[in-house]
Structures are given as C-alpha cells and as structure tokens.
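*Asks:* here is my input; please provide its structure:
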Amino acid sequence: MENSRDHTALIKRGLKLHEARRYSAALPYFDRALKHAPDCPVAAFNRANTLHMLGRNKIAYPILRELIGVKPEELRRRCPDSSPRSLQLDTLMLLFFVVSDVKGACAEAIAYGTQHLRRRRRGVQSVWSSRQVRAEIEAVRRNCKTR
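*Replies:* Alright, predicted model coming up:
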C-alpha cells in the first residue's frame, strides 16, 4: 500500500519540523499526508496541532472537534496504525489549549481538560501527565476569575 507508506513518511517529516518549532515548514507535510490519506486521524491531529501553534485556532478547532466526535473503532478503521483512544485523549487536551484563550470560553476549556482526566486509563498514553493537566486547568480557573 504505497499511499500508507507515503502518508506515514510525510507525517514523520512534519513532526520533526514541528518538534523543531518550524511550524510553517511542518504544515505542508501534514497537508500532503492528508491528500494521500484524507481520513487519517494522525495527520489531521498533527495538522490541527501545528495550526494551533501558528495561532490559527479557528481552523484547528473544527478538526479537533471532529476527531473527538468519532468512535475509536472508526478512527482505527481510517488509519490502522493509529492509537485512537490515545489520540482522542490528546485531542481533548489540545482542544483545552485551543479554547482556553478565547474570552468567555473558560468553562468550555475546563470541560475539555476535565474530560481528558476522566478518560485516562491504564494503557492509554498521553503527551501530558495528569499532574500537568490538573495544573493547566487550575491556571485557567485562576485566569478566568481575574478577567
């Protein structure tokens, strides 16, 4: 399956650039990966993450909402190499960050962070530790009270 290898290689290259904080250079790789595999949740998540880092949250938000609205089995069907429960867990936290700076969206951001904590299970990996998530939620709560 040539497209599968192509889109995976593109995602890996985009991630290297993203991790080097070269977000503008990373974005085209995720866009190309989605052209090869339009339903790939990993490519969609990484595209949304990169858009967030570029401050383009209005574009990232619907991508992330779609990822949490799909059953994990469907995400696995779309891309067998994905870990759908982990992907959705990190999607919730990315949604937390995407909406946390929007004026009046504190409750929505906190809800995403709280949902992230509730969905944590043994064997489901996340980029963020429980301690980090709790600290971020508390920071948003404090910040919302001072707005």
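*Asks:* any stretches of this protein with poor pLDDT?
*Replies:* Residues of the chain meeting the criterion pLDDT under 70: 1-5, 146-147.
*Asks:* domain parsing for it?
*Replies:* Split into domains by automatic domain parsing, the chain comes to 1-82, 83-147.
*Asks:* quick check: the residue nearest the centre of the chain vs Cys144, distance?
*Replies:* Taking Cα atoms, centre = their mean as the criterion, Thr91 is the residue nearest the geometric centre of the chain, at 3.7 Å. Per Cβ to Cβ, to the nearest Å, Thr91 is found 22 Å from Cys144. C-beta here means a position set from N, CA and C on the backbone, and glycine is covered the same way.
*Asks:* returning to what we had before: so the residue nearest to the centre of the chain makes contact with Leu64?
*Replies:* Yes. Judged on Cβ atoms under 8 Å, Thr91 makes contact with Leu64 at a distance of 5.3 Å.
*Asks:* need the residues touching each of those two.
*Replies:* The contact sets of Thr91 and Leu64 overlap at Phe45 (Cβ atoms under 8 Å, 6 or more residues apart in numbering).
*Asks:* nearest spatial neighbour of the residue nearest to the centre of the chain, skipping sequence neighbours?
*Replies:* Counting by Cβ to Cβ, 6 or more residues apart in numbering, the nearest residue to Thr91 once its immediate chain neighbours are dropped is Leu67, at 4.7 Å.
*Asks:* and that neighbour, how many neighbours does it have?
*Replies:* Leu67 has 22 neighbours, counted by other Cβ atoms under 10 Å.
*Asks:* can you name every helix or strand that the host helix or strand of it contacts?
*Replies:* Element membership for Leu67 (DSSP states H and E) is helix 57-68. Judged by 3 or more Cβ pairs under 8 Å, 6 or more residues apart in numbering; DSSP states H and E, helix 57-68 is in contact with helix 41-53, helix 84-100.
*Asks:* just give me the neighbour total for Leu17.
*Replies:* Counted with other Cβ under 10 Å, the neighbours of Leu17 add up to 18.
*Asks:* make sure it is actually in contact with Ala26.
*Replies:* Yes. With contact defined as Cβ under 8 Å, Leu17 counts as touching Ala26 (3.7 Å).
*Asks:* secondary structure element for the nearest residue to Ala25 once chain neighbours are set aside?
*Replies:* In space, Ala25 comes closest to Leu17 once its chain neighbours are excluded; the distance is 4.7 Å by Cβ to Cβ, 6+ apart. Using DSSP H and E, Leu17 sits within helix 2-19.
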